[in-house]
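Engineer: Make a model of this:
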Amino acid sequence: MKKRGSVDLMNSVVIFLLLNILFFSIMMGFVYISSSKSALYEQAYSKQIALMIDSAKPGTAFELDISKMFDVARKNEKFEKLISVNEENNAVIVNLDINSGGYTSRYVNSAKIKIVENRFDEKLYIFVG
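Structural biologist: Numbers count the residues shown, from 1 in each chain. Next comes the predicted model:
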């Protein structure tokens, strides 16, 4: 009877350890994916551009260095348009990865917005009309 009790205890300990290892590996995978550079840069640049547009008056032009964003996009093999503006919803969309939908930030300014990406000097030009 003592052997059976120790075997049951051993089985429960092994199962407990395996479940803990599985749980922590899933958690580490989630942290790794959500802390990727592309998601971080998408969020940061989207919010920064939306705040710049909100603070602008008509006739204002901005120049923003986006060289780090181009580096991340090159690593993810994203060569299409990285930043777009949805004027119907007043939103800035930054997409640095082929597999993601990008990050969207809304702005309040109702002026016409024009965004130009210059890939040669890695600058972003924002014109608020």
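
Engineer: tell me the mean pLDDT over the longest helix along the chain?
Structural biologist: Among the elements of the chain assigned as helix by DSSP state H, the one spanning the most residues is helix 2-34. Along helix 2-34, the predicted local confidence has a mean pLDDT of 84.

Engineer: quick one: the helix or strand hosting residue 52 to helix 2-34, angle?
Structural biologist: Residue 52 is part of helix 37-55 when elements are defined by DSSP states H and E. For helix 37-55 against helix 2-34, the angle between stretch directions is 40 degrees (axes from the mean of the first three to the mean of the last three CA atoms, to 10 degrees).

Engineer: Nearest to the spatial middle of this protein, which residue is it?
Structural biologist: Of all residues in the chain, the one closest to the mean position by CA atoms, centre = their mean is residue 39, 2.0 Å from it.

Engineer: Could I get the CA-only coordinates of stretch 60-77 as CSV?
Structural biologist: Taking C-alpha atoms only, stretch 60-77 is exported to CSV below (Å, rounded to 0.1, in the frame of the first residue of the first chain):
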residue,chain,number,x,y,z
THR,A,60,2.0,73.4,-41.3
ALA,A,61,4.6,71.0,-42.7
PHE,A,62,6.6,68.4,-40.6
GLU,A,63,9.7,66.4,-41.3
LEU,A,64,10.2,63.2,-39.3
ASP,A,65,13.2,60.9,-39.3
ILE,A,66,11.9,57.3,-39.8
SER,A,67,15.2,55.5,-40.5
LYS,A,68,14.7,53.0,-37.6
MET,A,69,11.3,52.2,-39.1
PHE,A,70,12.8,51.5,-42.5
ASP,A,71,15.3,49.2,-40.8
VAL,A,72,12.6,47.1,-39.1
ALA,A,73,10.6,47.0,-42.4
ARG,A,74,13.6,45.8,-44.3
LYS,A,75,14.1,43.0,-41.8
ASN,A,76,10.5,42.0,-42.2
GLU,A,77,10.8,42.2,-46.0
